[in-house]
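1. need a 3D model of the following:
(one chain, ligands or ions: 2)
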Amino acid sequence: MSPTNTLTSAGAYSEGAYAPKVDQRGDGPVTIRLTDQERISGVTRLETVQQCLYHYHRDGFVVLENAIDDDTVDALYKKIVEDTGVYVGKKFQQWNQGEATRNVSVVPPLTPEWLRREFYANVHTMRVIENILGPKPELRFINSNVAMPGATGRQAVHSDVNHDFPTIPFGIVVNTYLQDSDEQNGVTEVWAGTHNAYGRDEQQSSKESGWIKKEYIQKQAKIKAPLQPRLRKGSICLRDLRLWHAGMPNRSEQHRIMLAIDYFAAWYQCPMRLTLPAAARAEIENWNISTAGVDWAEGEVDYLNQPFYLNMTQDPGMYIKQTEKGVEDWRARVTGVYEFDKAIATEQNWWTPEA
Ligand SMILES: O=C(O)CCC(=O)C(=O)O
Ligand SMILES: [Fe+2]
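-> Ligands and ions are numbered 1, 2, ... in the order given. Purely as a prediction, here's the structure:
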């Protein structure tokens, strides 16, 4: 359908290009606000899709605002705060980059009543994702990052993938913020444009981690300095898995929670798997996503007692799994030596502005 016929008020033509008029702010990263009509109808305007794609490909990151109603967000926030209190007393705890960051991975409630499409396969989000990754993107990871109050440390600037990853988009993490967020409560530091700026071997400080070399951090900041965006509650951030970013200290009194939901392109054949309750299967199969990466469990999923497990590579043998004796990665499997991840970020791992 040509915009000439139907949507002339939503944009303008310029030299054969169509420039949509969309409510957006910020610049790298950009926040795009859906209209109430889009949220209520569940139909994303093509103008909105165009702008999301444009900024996503440029920055490796884009924010969608007003895609979920506030009450739905508040309810999940409250539930995950309660669950965090339970989780931190458990056997398996995943502190991301050491306890000083107070950044902990708490699996959201994987029960039929909490597995709501608005969060896990939001129609607006999926409309954008399927235009980046291709049809039927694969859901393969559901977690959250809870930045607890009282952090003294920040994370190293890193990319979540450190294998020999493709140079084209293959995976996206969907980070939905469950409260208003900014510097004060530790919104993630984002390095727009780093998703395809440097080669993997060139940027990484070692093959075994996605931490970025200081020299590259300093160099890139001159091109585009990192920033901590100000995000409204319910904002959905789409982040290329290759993008540099870092968890920051939460200096507020409340938990800062962001969901972390991973989608992969079907062609990538990611081997990571996720277990969801069979009781939610009929509903989830209706979400117009691929569930090729989902195992269906009879009965309840004991989501607060799962060892942390991750494999964003293409190789089934490269998974990492938390155990009581340390992290089980491919090296531990070969050598039998299990170690806990003790790496702590120092100023060698983040940007120091030069005078
Ligand atoms: O919680 C955050 O803001 C980011 C956490 C993160 O990037 C990580 O743990 O890999
Ligand atoms: Fe990360």
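2. flag the shaky bits of this structure, pLDDT-wise.
-> 1-9 (pLDDT under 70).
3. tell me which parts of it are close to ligand 1?
-> 96, 103, 145, 147, 155, 160, 188, 245, 247, 258 (Cβ under 6 Å from any ligand atom). From N, CA and C alone the C-beta is placed, and that goes for glycine too.
4. how far away is residue 270 from residue 314?
-> 7 Å (Cβ to Cβ, to the nearest Å).
5. same check on residue 180?
-> 37 Å.
6. same thing with residue 322?
-> 22 Å.
7. of those two, who's got more company?
-> residue 322 (20 against 16; other Cβ atoms under 10 Å).
8. same for the host helix or strand of that one, what does it pack against?
-> Here residue 322 is covered by strand 320-323, with elements defined by DSSP states H and E. In terms of contacts (3 or more Cβ pairs under 8 Å, 6 or more residues apart in numbering; DSSP states H and E), strand 320-323 is packed against strand 309-310, strand 326-328.
9. swap in 7 Å and give it another go.
-> Under the contact definition 3 or more Cβ pairs under 7 Å, 6 or more residues apart in numbering; DSSP states H and E, strand 320-323 sits against strand 326-328.
10. buried set for whichever helix or strand comes after the strand it packs on?
-> Using DSSP H and E, the helix or strand that follows strand 326-328 in sequence is helix 330-335. For helix 330-335, burial by neighbour count (16 or more other Cβ atoms under 10 Å) applies to residue 332.
11. can I get helix 330-335 in CSV? Just the C-alpha atoms.
-> C-alpha atoms of helix 330-335 as CSV (Å, rounded to 0.1, in the frame of the first residue of the first chain):
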residue,chain,number,x,y,z
TRP,A,330,33.9,-26.0,27.6
ARG,A,331,37.3,-25.6,29.3
ALA,A,332,36.0,-27.1,32.5
ARG,A,333,34.5,-30.0,30.6
VAL,A,334,37.9,-30.7,28.9
THR,A,335,40.2,-30.1,32.0
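12. list the contacts of it.
-> Contact with helix 330-335 is made by 317, 318, 326, 338, as judged by Cβ atoms under 7 Å, 6 or more residues apart in numbering.
13. what's around the nearest residue to the last one once chain neighbours are set aside, how many residues?
-> What that stands for is residue 338. In this structure, residue 338 finds its nearest non-sequential neighbour in residue 326, 3.4 Å apart by Cβ to Cβ, 6 or more residues apart in numbering. Other residues near residue 326 number 14, with proximity taken as other Cβ under 10 Å.
14. and what of residue 199?
-> Residue 199, neighbours per other Cβ under 10 Å, totals 10.
15. so who does it touch?
-> Per Cβ under 7 Å, 6+ apart, neighbours of residue 199: none.
16. show me the helices in the protein, by range?
-> 3-6, 36-41, 46-59, 70-87, 117-120, 123-133, 200-203, 214-223, 281-284, 330-335 (DSSP state H).
17. who touches the second one?
-> Spelled out, it's helix 36-41. With Cβ under 7 Å, 6+ apart, helix 36-41 has contacts from 44, 45, 48, 66, 67, 124.
18. list the buried residues of that helix.
-> 38, 39.
19. next one: the third one
-> Across helix 46-59, burial judged by 16+ other Cβ under 10 Å covers 46, 47, 48, 49, 50, 51, 52, 55, 56, 58, 59.
20. grab the nearest non-local neighbour of the last one.
-> Closest residue in space to residue 59, ignoring its immediate chain neighbours: residue 192 at 3.9 Å, by Cβ to Cβ, 6+ apart.
21. who's in contact with the one you found?
-> Here residue 192 is in contact with 28, 29, 59, 60, 61, 224 (criterion: Cβ under 7 Å, 6+ apart).
22. gap between it and residue 323?
-> 37 Å.
23. then residue 199?
-> 33 Å.
24. kindly report the same for residue 252.
-> 34 Å.
25. same check, this time on residue 29
-> 36 Å.
26. neighbour count winner among the two?
-> Neighbours per residue, other Cβ under 10 Å: of residue 29 and residue 323, the larger number sits with residue 29, 24 against 13.
27. what are the phi and psi angles of the more buried one?
-> When read as degrees, to the nearest 10, the backbone of residue 29 gives phi -80, psi 160.
28. who are the contact partners of the nearest residue to it once chain neighbours are set aside?
-> Spatially, and ignoring its direct neighbours in sequence, residue 29 is nearest to residue 61 (4.5 Å; Cβ to Cβ, 6+ apart). The neighbours of residue 61, taking Cβ under 7 Å, 6+ apart as the test, are 29, 190, 192, 237, 238, 239, 240, 243.
29. please apply the same query to residue 59.
-> Shown in contact with residue 59 (Cβ under 7 Å, 6+ apart): 28, 29, 30, 192, 193.
30. ditto for residue 300
-> residue 277.
31. let's see that with 8 Å instead.
-> Counting by Cβ atoms under 8 Å, 6 or more residues apart in numbering, residue 300 touches 111, 277.
32. can you tell me how far it is from ligand 1?
-> Separation of residue 300 from ligand 1 (Cβ to the nearest ligand atom, to the nearest Å) stands at 27 Å.
33. I'd like the numbering to begin with 59 instead of 1 from here.
-> New numbering, starting at 59: the last item is residue 358.
34. in its sheet, what does the strand holding residue 380 sit against?
-> Strand 378-381 sits in its sheet next to strand 367-368 (antiparallel), strand 384-386 (antiparallel), going by DSSP bridges.
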